[in-house]
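Asks: Need the 3D shape of this:
(one chain, ligands or ions: 2)
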Amino acid sequence: MGYADVYEGWKADPEGFWMEAAKVIDWDRPPTRALNDSNAPLYEWFGDGMVNTCWNAVDRHVANGRADQAAIIYDSPVTDTKATITFAELKDKVSMLAGALVAQGITKGDRVIIYMPMVPEALVAMLACARIGAIHSVVFGGFAAHELAVRIDDATPKAILAGSCGIEGSRVVQYKPLLDDAIEQATHKPEVCLILQRPQCEATLVPGRDLDWHAAQDGVTPAECVPVEGTHPAYILYTSGTTGAPKGVVRPTGGHLVALNWTMKNIYNVDPGDVFWAASDVGWVVGHSYICYGPLIHGNTTVVFEGKPVGTPDAATFWRVISEHNVRSFFTAPTAFRAIKREDPKGEMIKGHDISCLRALYLAGERADPDTILWAQRVMNVPVYDHWWQTETGYTMVGNPAGIEALPVKIGSPTVPMPGYDVQILDEGGHPLPPDTLGAIAVRLPLPPGTLPTLWNAEDRFRKSYLNTFPGWYETGDAGMKDADGYLYIMARTDDVINVAGHRLSTGAMEEVLAGHEDVAECAVIGVADELKGQLPMGFLCLNKGCNRPEAEIVSEVVKLVRNQIGPVAAFKLAVVVDRLPKTRSGKILRGIMARIADGQPFKMPATIDDPAILDEIRAAIQPLGYATETKQP
Ligand code: COA
Ligand code: AMP
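Replies: Ligands and ions are numbered 1, 2, ... in the order given. A predicted model of the protein is given here:
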């Protein structure tokens with residue numbers, strides 16, 4: 001069966017399609033029906049099934065002949081470590097850590113925050129939570145204490161699992177002081193923290209609260225898998241929205257298992273036993289779905305890589321890892337390839353690394369620019385598949401179903417909708433638009449299994465953010481168009497979210513930080529084009545009347561503030577002082593136009609603009625930074 005048949009088959013009988021896909025999951029009690037739409041537009045999948053994620057990702061493989069297969073390959077050029085963990089070993093590690101959590105009083109439904117670097121223990125921690133039905137929330141290590149505190153207050157975890165440090169290139173980043181600071185800032189306090197002491201940096205433990213990761217496991221009874229309802233939250237993952245408050249995306253257990261398992265063969269074209277590598281971080285959705293859960297559920301070996309595409313030690317690291325570990329399918333963000341291409345434009349460093357094991361490269365997380373795709377195709381000599389999805393969905397909305405049928409690639413398009421997703425381009429009134437017309441990208445409800453059923457503690461926000469604009473549809477927040485063959489093109493976000501090195505960030509959150517500076521009266525943050533990271537944030541500051549401190553001093557203070565409040569991952573380094581911001585007559589800041597000016601792009605002067613002369617002032621302010629020049633193109 002080709003793609004068209006599979007897609008039409010899903011459309012004709014969505015519930016039948018997903019019930020069939022659900023058969024390869026081990027259920028403690030199989031679901032009798034797929035969809036519950038009695039509370040539309042809120043939907044539930046596999047609600048009457050009982051299941052355990054850890055059983056499906058670990059134990060069943062041990063029981064079914066994969067005990068000695070590598071589950072995790074850990075490759076860490078930054079610590080010069082390589083290790084392999086088999087499924088049997090993983091089961092032991094996970095059962096023991098889960099036992100330690102149980103001994104600390106953690107049970108089904110309790111939240112556990114995980115703040116860890118890219119070490120196998122991060123996956124062990126996620127799976128240990130899944131084993132006992134605890135709901136984990138992994139927080140990316142590049143976020144500052146304040147962001148961690150916000151998540152602690154929203155998720156109210158009973159326990160926090162953390163590493164003593166992460167390693168960024170040659171720099172040791174101490175996580176423990178950030179964790180202590182976050183707990184200090186948060187109103188909610190966890191009862192216990194388990195700290196993984198890494199040899200690169202031993203953290204001080206707080207008596208009565210912190211336990212050593214290994215000591216906490218001494219003498220505990222290994223925990224068994226606890227079956228949970230199909231709708232039980234497997235995890236909460238916070239992602240950036242328009243405001244400073246992150247959105248807690250909830251992932252339902254049953255649908256997550258069924259859908260991720262389906263994608264491994266049909267999209268990533270791997271069979272159980274194959275090695276799959278997603279070079280991302282466990283703190284992002286890619287890390288959840290394709291470093292941890294997807295490959296393990298499907299019986300694949302997953303690679304946990306602690307390093308960067310360049311500098312650890314060089315631009316050949318990816319080639320070495322692919323070749324050394326026999327990687328079949330490889331997934332990363334385009335920015336990683338831009339970094340390699342910049343260091344090794346001719347791709348010469350691939351010589352000496354036999355990557356003939358690799359079948360395809362998958363790119364996602366940000367727009368894949370044609371130069372990068374063509375370069376990767378040429379250097380790696382494999383198909384390069386762009387695919388489009390988001391934290392909210394947890395897996396591909398639009399991609400190239402290589403395991404069903406590799407469709408012709410059109411560069412610039414992530415290809416076509418996957419079963420489960422009826423993706424349409426809508427006008428402002430919510431009517432589907434004809435081909436080649438730009439509009440809002442929306443998905444017809446219900447979303448398929450595994451996608452977010454709601455936001456943690458924020459059903460109203462869920463409705464407002466995704467359901468209310470176009471009744472009957474899920475609003476993705478992206479704008480784009482479809483061509484006559486049904487290929488999708490993603491053009492821009494429709495909100496104030498930007499994408500920096502594949503990391504999703506809120507300009508609104510940065511504005512909140514800038515506005516907190518005592519000399520700043522008003523501010524705006526926009527995303528400007530960047531050759532390496534895709535986009536970078538740029539801040540505009542209007543100072544309080546009478547403030548006569550040197551502008552450079554204030555700029556450097558706000559740069560530090562964003563780093564301390566949001567984290568280094570925001571990469572906020574560009575800011576200028578201006579007298580006024582361009583606004584509409586009703587007072588709305590024209591961020592979109594400012595971004596086009598910075599990128600040297602043409603724009604239409606809005607009829608509602610208050611004073612067009614301000615645009616010249618903006619242009620003049622950022623030209624010294626190398627933006628808004630005639631030659632600057634994104
Ligand atoms: N813990 C602590 N700090 C972290 C961190 C972590 N887990 N991850 C990133 N940081 C820090 C970095 O050290 C850097 O700090 P600096 O400003 O002091 O240099 C800052 O956050 C920005 O990090 P990053 O965006 O990773 O930029 P970089 O300049 O270090 O590297 C790339 C650039 C392109 C090599 C890098 O972004 C990359 O590998 N991207 C891959 C894409 C990816 O994984 N995307 C995830 C979604 S698929
Ligand atoms: P995240 O939730 O962090 O995965 O970010 C999701 C957002 O990243 C999407 O809504 C898009 O704006 C962008 N994005 C992800 N994949 C792609 C892609 N293949 N092409 C263009 N943009 C993408």
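Asks: Please identify the residues of the stretch 51-200 of the chain in proximity to ligand 1?
Replies: For the stretch 51-200 of the chain, the contact set with ligand 1 under CB under 6 Å from any ligand atom comprises 141, 142, 166, 168, 173. For every residue, glycine as well, the C-beta is placed using N, CA and C.
Asks: In strands, which of those residues fall?
Replies: 166, 168, 173 (DSSP state E).
Asks: Top of the residues of the stretch 51-200 of the chain next to ligand 1 by number of neighbours, please.
Replies: Neighbour count (other CB atoms under 10 Å) singles out residue 141 as the most crowded of those, with 26 neighbours.
Asks: which residues of the stretch 201-350 of the chain fall in strands?
Replies: 210-212, 228-229, 233-239, 247-252, 275-278, 301-305, 327-332 (DSSP state E, counting those that start in this stretch).
Asks: Indicate which one of these is closest to ligand 2.
Replies: Among these, the nearest to ligand 2 by CB to the nearest ligand atom is strand 233-239 (5.2 Å).
Asks: Make TSV out of the residues of the stretch 51-200 of the chain next to ligand 1 and add pLDDT.
Replies: Shown next, in TSV, are these (pLDDT from 0 to 100):
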residue	pLDDT
141	94
142	93
166	97
168	94
173	97
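Asks: buried set for the helix or strand hosting residue 576?
Replies: Residue 576 is part of strand 574-577 when elements are defined by DSSP states H and E. Buried residues in strand 574-577, counted by 16 or more other CB atoms under 10 Å: 574, 575, 576, 577.
Asks: List the contacts of stretch 464-478.
Replies: With contact meaning CB atoms under 8 Å, 6 or more residues apart in numbering, stretch 464-478 is reached by 41, 241, 247, 388, 390, 392, 397, 424, 426, 430, 440-445, 447, 455, 490-495, 497.
Asks: How many residues are close by the residue nearest to residue 280 when sequence neighbours are not counted?
Replies: Leaving out its chain neighbours, the residue that sits closest to residue 280 by CB to CB, 6 or more residues apart in numbering is residue 286, at 3.9 Å. Other residues lying near residue 286 total 25 when counted by other CB under 10 Å.
Asks: and the gap between residue 286 and ligand 1?
Replies: Remark: distance between residue 286 and ligand 1 (CB to the nearest ligand atom, to the nearest Å) = 4 Å.
Asks: go on, residue 88?
Replies: 30 Å.
Asks: That residue reaches residue 67, doesn't it?
Replies: Yes - Residue 88 is within contact range of residue 67, at 4.0 Å (criterion: CB atoms under 8 Å).
Asks: so residue 18, which of the three states?
Replies: helix (DSSP: H, G, I helix; E, B strand; the rest coil).
Asks: pLDDT score assigned to it?
Replies: Looking at residue 18, its pLDDT is 98.
Asks: Would you agree it is in contact with residue 449?
Replies: Yes - Residue 18 is within contact range of residue 449, at 5.5 Å (criterion: CB under 8 Å).
Asks: quick one: common contacting residues for the two?
Replies: With CB under 8 Å, 6+ apart as the test, residue 18 and residue 449 both reach 34, 45, 258, 420.
Asks: Now the third one: closest residue in space that isn't a chain neighbour?
Replies: In space, and not counting its chain neighbours, residue 258 is closest to residue 22: 4.7 Å by CB to CB, 6+ apart.
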